[in-house]
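Enquirer: compute the structure for the input listed below.
(one chain, ligands or ions: 1)
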Amino acid sequence: MINATAPGKIILFGEHAVVYARPAIAVPVFHVRAQATIEPRADARVVIVARDLAREYALDDAPADDPLAAIIRATCARLNVAPQNFCIAIHSTIPLASGLGSGAAVSVAIVRALAKFFGVTLSEVEVSALAYETEKLHHGTPSGIDNTVIAFEQPVYFVRGQPIETFRVARPFTLAIADTGVAAPTKIAVGDVRRAWEADRARCESLFDQIGALARDARAALERGAVDALGDLMNANQVLLRAIGVSSPEIETLVGAALRAGARGAKLSGAGRGGNVIALADAVTQDEVERALLDAGARRVIVTRVA
Ligand code: MEV
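Expert: Reported below is the predicted structural model:
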């Protein structure tokens, strides 16, 4: 039996603007993981077991746009092997449609498991590129940031179309990741932003420029360990995300609660409209921030150290 996993992710700065080639920063979240397990089968079939959805089906019966089937087919093609004689089971603790990269993490876990099963070593760049192909099924114009940070398992400074830059966080910091409980598919928010951009390019380009500048400043702050500066940058990013139209009443409630409880900064993370809010806490405020988020209606809160 072969096992492989991949972590979740959080975008710290730059979501949406990253689709329009501005820089963004994302970090892996190791508290949650997707896992793929492969066992050989005596017959020729490939059977996919989606444990969390209680579904089991044959690869041959899967429609062309089934993301699990698509990544299995693409990976087998890259590995030069026929997709046959195995059962692949998927399980993930990453909540769906919440901005934590569940789709990309499942893809990366599948690519890693298949590479191991067939005894081929793939680089992070190759793993990421394969997962990117399935990201296109989740939404038409993915920037590639999710598959990149998840395949590299390191903080990334990501600019679409440019070589991947990983970097070191000089001083660890604590984030509370709070789930609004509203599942918000990336596709819808990304499509709405596209329509807003088509309707008023000058306004949106200016907002994207401002978000990109924040991501650049944030990288510099993270690399020199200036954690104090991060909170203001997160708040400024949230103002711009609101202006783009991807916030929501649930997000605003959690952002407000975190700030009132002493968080230095708070913003939505990922596509918005629902999904997760991230709040910058510290050893003193962390419990208070977590409690305030839960009291304000967060479905669950993950407190994680980013190092
Ligand atoms: C989704 O996690 C982040 C977005 O910027 C979309 C993308 O980068 O493809 C909203």
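
Enquirer: what secondary structure does residue 195 sit in?
Expert: Local secondary structure at residue 195 is given as helix here, using DSSP: H, G, I helix; E, B strand; the rest coil.

Enquirer: what about it, neighbour count?
Expert: 9 (other CB atoms under 10 Å). Glycine gets a C-beta too; all of them are placed from N, C-alpha and C.

Enquirer: over to the one 5 residues further on?
Expert: Number of residues near residue 200 (other CB under 10 Å) recorded here: 11.

Enquirer: ok, now residue 64?
Expert: 8.

Enquirer: before we move on, what about residue 98?
Expert: 25.

Enquirer: before we move on, what about residue 18?
Expert: Neighbours around residue 18, by other CB under 10 Å: 26.

Enquirer: and it, what pLDDT?
Expert: pLDDT, residue 18: 97.

Enquirer: so it is in contact with residue 24, correct?
Expert: Yes - here residue 18 reaches residue 24: they are 3.7 Å apart, a contact under CB atoms under 8 Å.

Enquirer: overlap in contacts, the two.
Expert: By CB atoms under 8 Å, 6 or more residues apart in numbering, residue 18 and residue 24 have these common neighbours: 11, 143, 145, 158-159.

Enquirer: packing partners of the helix or strand hosting residue 222?
Expert: Assigned by DSSP states H and E, residue 222 falls within helix 201-223. Judged by 3 or more CB pairs under 8 Å, 6 or more residues apart in numbering; DSSP states H and E, helix 201-223 is in contact with strand 2-13, strand 24-40, helix 186-199, helix 227-244.

Enquirer: next, the angle strand 24-40 makes with it.
Expert: Helix 201-223 and strand 24-40 are oriented at 80 degrees to each other (axes from the mean of the first three to the mean of the last three CA atoms, to 10 degrees).

Enquirer: could you list the buried residues of helix 201-223?
Expert: 204, 207-208, 210-215, 217-219, 221-222 (16 or more other CB atoms under 10 Å).

Enquirer: and stretch 184-197, by the same measure?
Expert: 184-190, 192-194, 196-197.

Enquirer: now narrow those residues to whatever sits close to the ligand.
Expert: Contacts with the ligand are made by 186, 190 out of the buried residues of stretch 184-197, judged by CB under 6 Å from any ligand atom.

Enquirer: quick revisit: just the helices and strands packed on helix 201-223: most buried one?
Expert: Greatest average neighbour count among the helices and strands packed on helix 201-223 goes to strand 2-13 (a mean of 24), per mean count of other CB atoms under 10 Å.

Enquirer: tell me, which of the shared contacts of residue 18 and residue 24 make contact with the ligand?
Expert: Answer for those near the ligand (CB under 6 Å from any ligand atom): 11, 143, 145.

Enquirer: could you dump the residues you listed to JSON lines with pLDDT?
Expert: Below are those laid out as JSON lines (pLDDT from 0 to 100):
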{"residue": "11", "pLDDT": "97"}
{"residue": "143", "pLDDT": "95"}
{"residue": "145", "pLDDT": "96"}
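
Enquirer: now, which of these sits nearest the ligand?
Expert: residue 143 (3.3 Å; CB to the nearest ligand atom).

Enquirer: on the three-state scheme, the closest residue to the closest one other than its chain neighbours is what?
Expert: Leaving out its chain neighbours, the residue that sits closest to residue 143 by CB to CB, 6 or more residues apart in numbering is residue 18, at 4.3 Å. Per three-state DSSP, the secondary structure class of residue 18 is helix.

Enquirer: residues contacting residue 18?
Expert: With contact set as CB under 8 Å, 6+ apart, residue 18 has these partners: 11, 24, 143, 145, 158-160.

Enquirer: how about residue 246?
Expert: Shown in contact with residue 246 (CB under 8 Å, 6+ apart): 15-16, 189, 192-193, 268, 271-273.

Enquirer: go with 6 Å
Expert: The contact partners of residue 246, by CB atoms under 6 Å, 6 or more residues apart in numbering, come to 189, 272-273.

Enquirer: skipping adjacent residues, who's closest to residue 120 in space?
Expert: With sequence-adjacent residues excluded and distances taken as CB to CB, 6+ apart, residue 120 is closest to residue 79, at 5.2 Å.

Enquirer: what about that neighbour, neighbour count?
Expert: 18.

Enquirer: pLDDT score assigned to it?
Expert: pLDDT at residue 79 comes out at 98.

Enquirer: surely it meets residue 117?
Expert: No - counting by CB atoms under 6 Å, residue 79 sits too far from residue 117 to count as a contact (9.1 Å).

Enquirer: for residue 69, helix, strand, or coil?
Expert: Recorded secondary structure, residue 69: helix (three-state DSSP).

Enquirer: local confidence estimate at the spatially closest residue to it that is not a sequence neighbour?
Expert: By the measure of CB to CB, 6+ apart, the closest residue to residue 69 outside its immediate chain neighbours is residue 62, 3.5 Å from it. Here the pLDDT value assigned to residue 62 is 96.
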